[in-house]
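*Asks:* Give the three-dimensional model of this entry:
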Amino acid sequence: MKGGRLESPPMKKVLIIKLGHSETLDPEISQTTSLGDVLRTTVILHHFKNARVTWLVDEKAYPLLEGNPLIHRILPYGLSSVLQLKAEAFDTVVNFEKVPGLCALADSINAWRRLGFRFDAATGEARAYDGCERVFTLCRDTEEKKRHTESWQKLLMDIIGAPWTGQEYVLGYAPKSKAVHDVGFNHIVGPKWPTKAWPEAHWKRLETLLAPGLSVSWQKGLNNLYDYIDWIHSCRALVTSDSLGLHIALALRKPVVVLYGPTNANETYLYGRGVGLYPAGYDCLPCFSPTCSQEVHCLKTIAPTQVSEAFRTLRSAPAGAAV
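*Replies:* Modelled structure (predicted):
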C-alpha cells in the first residue's frame, strides 16, 4: 500500500523464444528462417495480453513483430541478447524452438514456469514439456502428422494451456499501401518447398479468366519484407500457395484462395475467409516432401477454371460469412 491506496501487482514477465530456426510442427531444423512460423505464433499473444512480453527472434523475422502492441520488447537473437536474458528473471518462458542449443538456453533462464520444448541433458536433444507432448509426437511421426486434423493455431494454444477460440494473428506493421487490385497472385514459392508451386502456365491462364472486369497484380516485394506486406495489403484478395504470403494475408484480414499440395491443409485455420483447393486422386498427400516422385505433379491437376470459380465464389460471399 502506498499513500493509502493499494498498488497494482507488477505485470508478469513472459519470454517467448521463437526465432524461426525450426517449425513448431515439423521435425526439420533449418538454416532458413521460417518467417511464416513466426507470424502464426503470434496467436498466443492474446493469452499474454496482460503480461510484459519479451520475444527473442531471428533478425530476418523482426519486421513481422515490429510495432506489435502485445509485445513490450523484441530482442534479435545474438550473443548480447542471450547474455542479457541469462541475467534476467521471468515468470514464464515459452520455447517454440527444437534446436537443442536454444532449448538449453530456455532451460538456463531464471523462470518459475517453462512451456514448450526443453533440453535433455543426457542425450543432448530436444524434448517436450507436458503441454507440448502432442506437438512433439507429430514432429516425430510423419504418418500421424499426415492424418491429424487440428489447426496449427489450436495446437499452439494447447502448448500454453489456453483455450482455442479462433484467436487472430497479430501483425504490428501498418501497411503504407491502399487496396487497389482486385486479386494478387502470390505465385513464387521459396527454395525449401518447390513442390508447393502451381505451374506458371496455370497462373497465366487464371489471369485470362479473371482479367475481364478484375485487376490482377503479380507478386511483388520479395526482396524486402515491408514491401511484401505492402503489396499484399494493396490486393483485395489473394490466390496463394501454403506460404508466408498466406499468413500475412490472413493477418491483414484478406480473403484467400489457397492451393494445397504437399502440406496438411488442416493445419491452417482460415478464419472463415478462405477457400482451400486440393489435388484429387493422390494417395501420397500430404507428402511433406520438397521433391515429387509422381509422373504428374499433384498441383498440376488443380485447373485454372477451378481456381477462378473458387475466387468468384469467395469474392461474392458477404463480408464475414463462412466460406
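
*Asks:* CA only for contacts and neighbour counts going forward, please
*Replies:* OK.

*Asks:* okay, now the residue lying closest to Phe117 once chain neighbours are set aside: neighbour count?
*Replies:* Nearest residue to Phe117 in three dimensions, chain neighbours excluded: Ala128, at 4.5 Å (C-alpha to C-alpha, 6 or more residues apart in numbering). Residues near Ala128, counting by other C-alpha atoms under 10 Å, number 22.

*Asks:* can you pull the contacts of Ala128?
*Replies:* For Ala128, the contact set (C-alpha atoms under 8 Å, 6 or more residues apart in numbering) comprises Gly116, Phe117, Arg118, Phe136.

*Asks:* The second one - that's part of a strand, no?
*Replies:* Yes: following the definition DSSP: H, G, I helix; E, B strand; the rest coil, Phe117 is counted among the residues of a strand.

*Asks:* okay, it: pLDDT?
*Replies:* Phe117 is assigned 94 on the pLDDT scale.

*Asks:* just the one 3 residues further on next, same as before
*Replies:* The predicted local distance difference test score for Asp120 is 94.

*Asks:* residues in contact with it?
*Replies:* Contacts of Asp120 by C-alpha under 8 Å, 6+ apart are Ala126, Arg127.

*Asks:* Just want to check the distance between it and Ala104.
*Replies:* Distance from Asp120 to Ala104, counting by C-alpha to C-alpha, to the nearest Å: 8 Å.

*Asks:* right, and the secondary structure at Gly184 would be what?
*Replies:* Reduced to three states by three-state DSSP, Gly184 is strand.

*Asks:* on that earlier part again, can you name the two of the contacts of Ala128 that are farthest apart?
*Replies:* For those, the maximum inter-member distance is 10.9 Å, found between Arg118 and Phe136 (C-alpha to C-alpha).

*Asks:* Just the C-alphas of stretch 137-157, formatted as PDB.
*Replies:* In PDB, the C-alpha atoms belonging to stretch 137-157 read as follows (Å, rounded to 0.1, in the frame of the first residue of the first chain):
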ATOM      1  CA  THR A 137       4.700 -36.600 -31.300                       C
ATOM      2  CA  LEU A 138       3.500 -35.000 -34.600                       C
ATOM      3  CA  CYS A 139       7.100 -33.900 -35.200                       C
ATOM      4  CA  ARG A 140       8.400 -37.400 -34.900                       C
ATOM      5  CA  ASP A 141       5.600 -39.400 -36.500                       C
ATOM      6  CA  THR A 142       5.100 -38.400 -40.200                       C
ATOM      7  CA  GLU A 143       2.100 -40.700 -40.600                       C
ATOM      8  CA  GLU A 144       0.300 -39.200 -37.600                       C
ATOM      9  CA  LYS A 145       1.200 -35.700 -38.900                       C
ATOM     10  CA  LYS A 146      -0.500 -36.600 -42.200                       C
ATOM     11  CA  ARG A 147      -3.700 -37.700 -40.500                       C
ATOM     12  CA  HIS A 148      -4.200 -35.100 -37.800                       C
ATOM     13  CA  THR A 149      -7.000 -32.600 -38.200                       C
ATOM     14  CA  GLU A 150      -6.100 -29.900 -35.700                       C
ATOM     15  CA  SER A 151      -5.000 -26.400 -36.800                       C
ATOM     16  CA  TRP A 152      -1.500 -25.100 -36.000                       C
ATOM     17  CA  GLN A 153      -3.100 -22.200 -34.100                       C
ATOM     18  CA  LYS A 154      -5.100 -24.600 -31.900                       C
ATOM     19  CA  LEU A 155      -2.000 -26.700 -31.100                       C
ATOM     20  CA  LEU A 156      -0.100 -23.600 -30.200                       C
ATOM     21  CA  MET A 157      -2.800 -22.600 -27.700                       C
END
